[in-house]
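**Student:** Sharing a model that was predicted from the sequence below.
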Amino acid sequence: MDMIAKRGLVLLGCGKMGSAMLQGWLAGGLPPASVWVQDPFPGDWLKASGVHLNAPLPASPAVVLVAVKPQIMAEALPVLKPMGNGDTLFLSVAAGIAISHYESVLGAETPVIRAMPNTPAAVGKGITAIIGNARADAARMDLAQSLLSAVGQVVRLEDERQMDAVTGVSGSGPAYVFHMIETLAAAGEAQGLSPDLAMALAKATVAGAGALAESAAESPAQLRVNVTSPNGTTQAGLEVLMDETAGLPPLIRRTVAAAADRSRELANG
C-alpha cells in the first residue's frame, strides 16, 4: 500500500462494487488524498470522503481500478491510454471484458489484472478470482490481492478461460442463493406459515448454514450427513432435493452452464 500512498490510485467508476472497495481501503488506512475517483454521479458519502473527485488525474498512478459498466467502457477507457505501456497497473472488475481488450486499447505492454468479485463484497464477505497478463508480475499480483482482500477472499486462476466458470459459480451465484431464499420462504407459506415468518426462517437458515459451511472443519457433504437422521424429516426432504434426474444436482449444473455460456458469448461480442 505504500506505493499507492505515494503514487496514487485511480478509481474509474464508483458504483456499488467500487464503493464497497473504496470504503474498505479507507477503513484500512489508505489516505483519501491518495485516491482519485472519476464518477459522473457521486453519492453524498463519496463527496464527503476526502478523495479527489472528478479532478485531474496523476500522470502515472500505481493502480487504475476499472469499475465502470461494460456499456460505457468504450468511451471511458481511451482517456487513460497515456497511462498504458508503463508502470501503472490496470485492475479490472468489469464483467465480460477480456484482458486482450485492455491490451488493444492501452498497449500490449500494459500490466493488466482481471478480477471477478461478487456482490457480498458490499458486506466484506465477497470472493474474488484474479488472473493477470504477462506484465502483471508477482509483486503486482500481490498488490491486487491486497487491495481486493479489503472486501473478502481472493483466489488466483491458472487461465483466463476459467473466468467464465467463475462467473457462473461465484459471480452469478449470489442471485441463485437469493432465489433459494425466496423459494424456501414460499414453500414455508405453502405449509401454513405467515409470509414474514417464512421469510425470516428462510433468510436465517441460509445465512447460518453458509456461515457454518465456511467455518466448519467438515466438508458441506459431511455437514449434511450430520443433520440427516435415518428415516427422519431431513432425509425425506433430501430424497426429493438430491434426485439425480429431477432434483437440485442437474438443475444447478444447467444453471451454472447457462451463466458460463452467456459469459463466453459476451466476451466474444
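**Tutor:** That came through, no problem.

**Student:** same for the longest strand along the chain, what does it pack against?
**Tutor:** Longest strand in the chain, counting residues (DSSP state E): strand 126-132. Packing contacts for strand 126-132, counted by 3 or more CB pairs under 8 Å, 6 or more residues apart in numbering; DSSP states H and E, involve strand 112-116, helix 138-148, strand 152-156, helix 163-166. C-beta here means a position set from N, CA and C on the backbone, and glycine is covered the same way.

**Student:** contacts for that strand?
**Tutor:** 20, 93, 99, 111-121, 140-141, 144-145, 148, 151-160, 162-163, 166, 170 (CB atoms under 8 Å, 6 or more residues apart in numbering).

**Student:** tell me, what residue is most central in this structure?
**Tutor:** In the chain, the centroid-proximal residue (CA atoms, centre = their mean) is P117; its distance is 1.4 Å.

**Student:** returning to what we had before: most tightly packed of the helices and strands packed on strand 126-132?
**Tutor:** strand 112-116 (a mean of 26; mean count of other CB atoms under 10 Å).

**Student:** Give the rounded mean pLDDT of that strand.
**Tutor:** Taken as a whole, strand 112-116 has an average pLDDT of 97.

**Student:** Against which helices or strands is it packed?
**Tutor:** strand 89-92, helix 99-106, strand 126-132, helix 138-148, helix 163-166.

**Student:** Now with 10 Å, please.
**Tutor:** strand 63-66, strand 89-92, helix 99-106, strand 126-132, helix 138-148, strand 152-156, helix 163-166 (3 or more CB pairs under 10 Å, 6 or more residues apart in numbering; DSSP states H and E).

**Student:** can you list the ones you listed in JSON lines and add distance to A246?
**Tutor:** JSON lines is the format used below for the helices and strands packed on strand 112-116 (distance: least, CB to CB, whole Å):
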{"stretch": "strand 63-66", "distance to A246": "43"}
{"stretch": "strand 89-92", "distance to A246": "40"}
{"stretch": "helix 99-106", "distance to A246": "40"}
{"stretch": "strand 126-132", "distance to A246": "30"}
{"stretch": "helix 138-148", "distance to A246": "39"}
{"stretch": "strand 152-156", "distance to A246": "33"}
{"stretch": "helix 163-166", "distance to A246": "25"}
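
**Student:** So which of the ones you listed is nearest A187?
**Tutor:** strand 126-132 (28.0 Å; CB to CB).

**Student:** That closest one relative to strand 112-116, how many degrees between them?
**Tutor:** Interaxial angle, strand 126-132 versus strand 112-116 (axes from the mean of the first three to the mean of the last three CA atoms, to 10 degrees): 150 degrees.

**Student:** ok now strand 126-132, how far from the chain's centre?
**Tutor:** How far strand 126-132 lies from its chain's middle: 7 Å, per CA atoms, centre = their mean, to the nearest Å.

**Student:** ok, and for that strand, which residues are buried?
**Tutor:** G126, I127, T128, A129, I130, I131, G132 (16 or more other CB atoms under 10 Å).

**Student:** ok now do A94, which residues does it touch?
**Tutor:** If a contact means CB atoms under 10 Å, 6 or more residues apart in numbering, then A94 has 12-13, 17, 65-73, 76-77, 101-102, 114-116 as its contacts.

**Student:** Select, out of the helices and strands packed on strand 126-132, the one closest to G28.
**Tutor:** Closest approach to G28 among the helices and strands packed on strand 126-132 (CB to CB): helix 138-148, 9.4 Å.

**Student:** circling back to that earlier point, distance to N268 and mean pLDDT added to the helices and strands packed on strand 112-116, as JSON lines?
**Tutor:** Listed next are these as JSON lines, based on distance: least, CB to CB, whole Å; pLDDT from 0 to 100:
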{"stretch": "strand 63-66", "distance to N268": "20", "mean pLDDT": "96"}
{"stretch": "strand 89-92", "distance to N268": "17", "mean pLDDT": "96"}
{"stretch": "helix 99-106", "distance to N268": "11", "mean pLDDT": "95"}
{"stretch": "strand 126-132", "distance to N268": "17", "mean pLDDT": "97"}
{"stretch": "helix 138-148", "distance to N268": "25", "mean pLDDT": "95"}
{"stretch": "strand 152-156", "distance to N268": "24", "mean pLDDT": "97"}
{"stretch": "helix 163-166", "distance to N268": "10", "mean pLDDT": "96"}
